[in-house]
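Trainee: Quick one: sequence plus predicted model below, questions after.
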Amino acid sequence: MWSKGTQVFRTDNPAKRGTTSGAVRARGSTEYYSVRWQDGSLDYVAEDQLQAFSAVDLDDPYAVLESGQFGRAENLRRSLTFVHLSGRLANLVYSMGVTNTEFFAHQYKPLLTLLDSPADGLLIADEVGLGKTIEAGIIWTELRAREDMRRLLVVCPAMLREKWREELRHRFGIDAILTDAHTLADEMKHALSSGTSKAWICSYQSLRPPKSWQPAGGAKEKTVSARARLADLFDEQAGDAPLFDLVIFDEAHYMRNPESAAHVLGTLLREVSHFRVLLSATPINLANDDLYHLLRLCDPDHFQFKSSFEEMISANRPLVMARDAALRIGSGADEIMALVNQAGASELLAGSRQIAAIAGSPPTDELLRSPQFRAELAATLERVNLLAHVLTRTRKRDVQIERPRREVRAESVQMTEPERRFYQYVTEATREFAVRKSISDGFLLATPQRQVCSCPAAFARAWLGSSSALADDLATSVLEDGEESGSESELEEISTSLKEFLVTHRPPGLSADELERNDSKLGRLLAVLGEYFGAYPEEKVVLFTAFRATAQYLSESLDRAGMGSMLLWGGMRESKQGLLDEFRDRPELKVLVSTEVASEGVDLQFCRLLVNYDLPWNPMRVEQRIGRIDRLGQKAKVIHIWNIFYRDTIDERILGRLLSRLRIFEEALGEPEPVIGEIIQKLEARLLTAVLTPGQEDAEIERARQALENVRLRQAEFERNAAQMIAHGGLVLERISAARDVARRVTESDLKIYVRDFLAQHAQGHQFVELHDADSFLIQLPVAMATELEQFCRDSGLVGQTLLGNGTARTCRFFNSIAAQSTAVRESIHQFHPLIRFISHKLKSVGEAFYPIVAVAISAALAPAVRAGAYMFAIRRWTFAGIKEEEWLQSAVCRIDDQTLLDDETGDQLVSIARLDGHDWLEAANVIPRQQAADCLDLLETHLEAAYRRTASRKQDENEDRLMFQLHGIDRNLHSRITILRATLDQHAQLGRTGLVRATQGRIDKLQARMDMKREQVRQRERLVHDHHLVCAGLLRVGE
């Protein structure tokens, strides 16, 4: 019946296609034809199991419906998983579930904001302790999946580099390199050509260009430093292929000043990177230029000029109010439209097509009765928001999780007589030293007195011996005061002369040994900790001190008392994270003794008691300490903060009159460090360099308290204003939760089925054997395919990431976590594994990934919210390309008996269940009338077509609004600059300066030409190109 070369498919599996070879064998009364399948395998198949292609057009879904030759569950899985893994779907979160992190919905909000944004940068301004590091890691994971991005640079303060390296390795499976300007410049020379994945971590201090550096053509240093050479490289590369796929700036407020070297570094890196993410816990002060300068690093096109930014702030306010009104039950159409019209009346939004679309089809009170309509209207208004695409902020009060309550205990300890004499002596001697040396810097002179309040015995031991503790702590003070303050020679000179002065003028008979024998604060510490560990033997305690001498002394004392301690301070040879892991895991270690510098970037959620052995006067330092245990992942309902200090000292008055009255230990001020630091430095300068009576000291402390209270009030006002500008998140959080609920992500089951089905279809002679662990398999590729995989890895820069290419059998575990490391005996297969990428590559070339109509069944127990029965579904892929490119996978489902459409969320969930847990519905062709199924498919296609047109129209509006904002900014800037130049030209003309008139006119002409070119570049992206096609459709039975 079948001649040689006839194209056929199996009737029991229409997606399996091949060509007859001409050979025939008779087995009894049945003839078996030799068929060469598309995967290269050859098999003899019974005549009645084959059908010619010409009989049915397998690319036509209606023809397949009419024939009843339906595909199977594996075809649905293969089609959707292929689209998931090879596409860049906007409604699929690729990073969800693949990182070694606990799920918190708010941590995906920055990712979805960036994906929805036409910009390439984002400022994440979450409060401390909400996981900004994880949010940035999630964004990088998503970019790796969507864009195959490979080069990551993290720029952070020097003290946070090690924490970043450990976080990237432990949570995201990335081995990052700590480097500097010299090494990074060398790496950049071959990073682009090699195509391999790389991640670097550098400090601002090591990368920022020298103050004398100028862009191309400017004056150069006589001796060119590594930082200057790197700046030259970035400057030369601007506009060419990006050197980095993503740059993460931690503590981004370092770049807030446009005149600083750090900001110059940010500007250089902006021009040589695909994407940028800025992290800062700094509150949103819309009236401050700092925010504008940071947003300009994120999106220079949108925030070209300060005047446009101020106008944007004003135009945005009624938009967010309208969005809030849309979500507020009880608000009417008139109230919402009044706000929309107010926004549209602004010059910036006067031509907005999105606002015009709302005005052209305004909401009515009838429509507003529908919660879904309100949500869609709010989403539309949020998309018009002029700041939402580059700025996201989450506060702790916004996160719906149970936060631990802070229980604060302040305890004063009476000084012994030797301690009292020593305290009075150091206070008086330091002031006398300041007068003799004419030193007025309070933060420099504060160190000796603060050390005595911390631990007299430790300080005496340090300065009477050869310890460099005083100089080290002075250096720490300078580092905390500002990144460019002070000098090493100044510190060494002051610390040496101060130490000599104190030693020379010490009271007779006062020794370190005597102070150690009479250490009242240490005695109280040991007594309280002894009781605590007696009641809670499994607990561990964190103790903070500002000084190394105190830390060393306490660690030794705790060890002698049988309370094993771990010492942690900056600059230690051992890995900070390694020490913390050791402290957490070794039961005999009970107390972590940490200094101030080491407190940054440390996560200690496994402890619930924090001891402040001395008190930072700066409230930001206090919150930074507490934030080590009060952060996401803390399981305790109550955390305890114990402040221990000496009675009748300046520390007691600071605690009682400043920190306690401001409730610093219960709630953070939240203001940026420079503001708080300036207030505290002034207080230190007054208290520690002048001879004041206790009453005068109290007056100074009260003045500082009032200044800090004003800071708090101003911060509250900032938050209220920011809420009116950037209210953005509730709808996004709903999208994230929905994505998790309906499995809009790639699962281990997806990967397992993807590999299994591919090997079954295309790899004759392979091994895929399930082992004792449900997710572990013995996998061996045929020699030819193993060779192909090996070549694919070489071509794609994936060499060394799998051993499956050598053709031997390997134990593989399907575990979709990028933090899972492969070993010599077992490979972890996740969505980034070379085998998965290779399969997607092969399926694109084979063309067998899609079969138009399938028949699938699921158990009713898997979809309890859906009525049992027969359904029809259709899935289409939408693509949009304009200012940004994105893809959507959109599904629609209806009941076959009455053609009732399910809502989008329920339909998505049904399709997802069918993808993951569906099985073949072999009887479908005999149960469902063909015409009825075709009518249902028509209904679904009509519904999807209408939804597609609405989305394309909305995307076009968004695209044109974005272009309009850019053109408006260009025009405003041109008008402003030309007005100034024309005034200058007129002045030159009145004074008869013809040469300067010509020169100024030349500048005007050049500016006009440059702006005309900018306009044309913007207009070239005006047209939105979009398309859609059917991925798969089918019959779905819900029930037994």
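Mentor: Yes, it's here. Numbering: from 1, shown residues only.
Trainee: any idea which helix or strand comes after the helix or strand that Leu967 is a member of?
Mentor: Assessed by DSSP states H and E, Leu967 sits inside helix 930-990. Counting by DSSP H and E, the next helix or strand C-terminal to helix 930-990 is helix 994-1019.
Trainee: Which residue ranges of the stretch 251-400 of the chain form helices?
Mentor: 261-270, 289-298, 306-327, 333-344, 353-360, 371-384 (DSSP state H, counting those that start in this stretch).
Trainee: Put together TSV for these, with mean pLDDT, mean neighbour count and distance to Thr808 on each row.
Mentor: All C-beta spots, glycine's among them, are computed from the backbone N, C-alpha and C. Shown next, in TSV, are the helices of the stretch 251-400 of the chain (pLDDT from 0 to 100; neighbours: other C-beta atoms under 10 Å; distance: least, C-beta to C-beta, whole Å):
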stretch	mean pLDDT	mean neighbour count	distance to Thr808
helix 261-270	94	22	44
helix 289-298	86	22	48
helix 306-327	80	21	58
helix 333-344	91	19	65
helix 353-360	88	16	58
helix 371-384	81	19	52
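Trainee: ok, residues contacting the helix or strand where Lys844 lies?
Mentor: Lys844 is part of helix 834-846, with elements assigned from DSSP H and E. Helix 834-846 is contacted from outside by 38-39, 78, 82, 85-86, 751, 754-755, 758, 762, 788-789, 792-793, 796, 798, 801-802, 804-805, 829-830, 849, using C-beta atoms under 8 Å, 6 or more residues apart in numbering.
Trainee: Only whichever of the residues you listed are buried, select them in PyMOL.
Mentor: To isolate the buried ones among the contacts of helix 834-846 in PyMOL, judged by 16 or more other C-beta atoms under 10 Å, type:
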select buried, resi 39+78+82+85+86+751+754+755+758+762+788+789+792+793+796+798+801+802+804+805+829+830+849
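Trainee: so of the contacts of helix 834-846, which ones are in helices?
Mentor: Using DSSP state H, 78, 82, 85-86, 751, 754-755, 758, 762, 788-789, 792-793, 796 are the members of these that sit in helices.
Trainee: how about these, which pair is most distant?
Mentor: Greatest spacing in the ones in helices among the contacts of helix 834-846, by C-beta to C-beta: Arg78 and Cys793 (22.8 Å).
Trainee: buried ones in stretch 984-997?
Mentor: Across stretch 984-997, burial judged by 16+ other C-beta under 10 Å covers Thr984, Leu985, His988, Val997.
Trainee: can you pull out the strands in the stretch 51-200 of the chain?
Mentor: 121-124, 151-156, 177-178, 198-203 (DSSP state E, counting those that start in this stretch).
Trainee: mind giving me JSON lines with these and columns for distance to Asn316?
Mentor: What follows is the strands of the stretch 51-200 of the chain, written out as JSON lines (distance: least, C-beta to C-beta, whole Å):
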{"stretch": "strand 121-124", "distance to Asn316": "15"}
{"stretch": "strand 151-156", "distance to Asn316": "29"}
{"stretch": "strand 177-178", "distance to Asn316": "40"}
{"stretch": "strand 198-203", "distance to Asn316": "35"}
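Trainee: okay, those in CSV with mean pLDDT and mean neighbour count next?
Mentor: Shown next, in CSV, are the strands of the stretch 51-200 of the chain (pLDDT from 0 to 100; neighbours: other C-beta atoms under 10 Å):
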stretch, mean pLDDT, mean neighbour count
strand 121-124, 92, 25
strand 151-156, 95, 25
strand 177-178, 92, 14
strand 198-203, 94, 22
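Trainee: Minimum distance to Leu58: which of those strands has it?
Mentor: strand 151-156 (42.5 Å).
Trainee: Columns pLDDT on top of the buried residues of stretch 984-997, output as JSON lines?
Mentor: Output for the buried residues of stretch 984-997, formatted as JSON lines (pLDDT from 0 to 100):
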{"residue": "Thr984", "pLDDT": "87"}
{"residue": "Leu985", "pLDDT": "90"}
{"residue": "His988", "pLDDT": "89"}
{"residue": "Val997", "pLDDT": "89"}
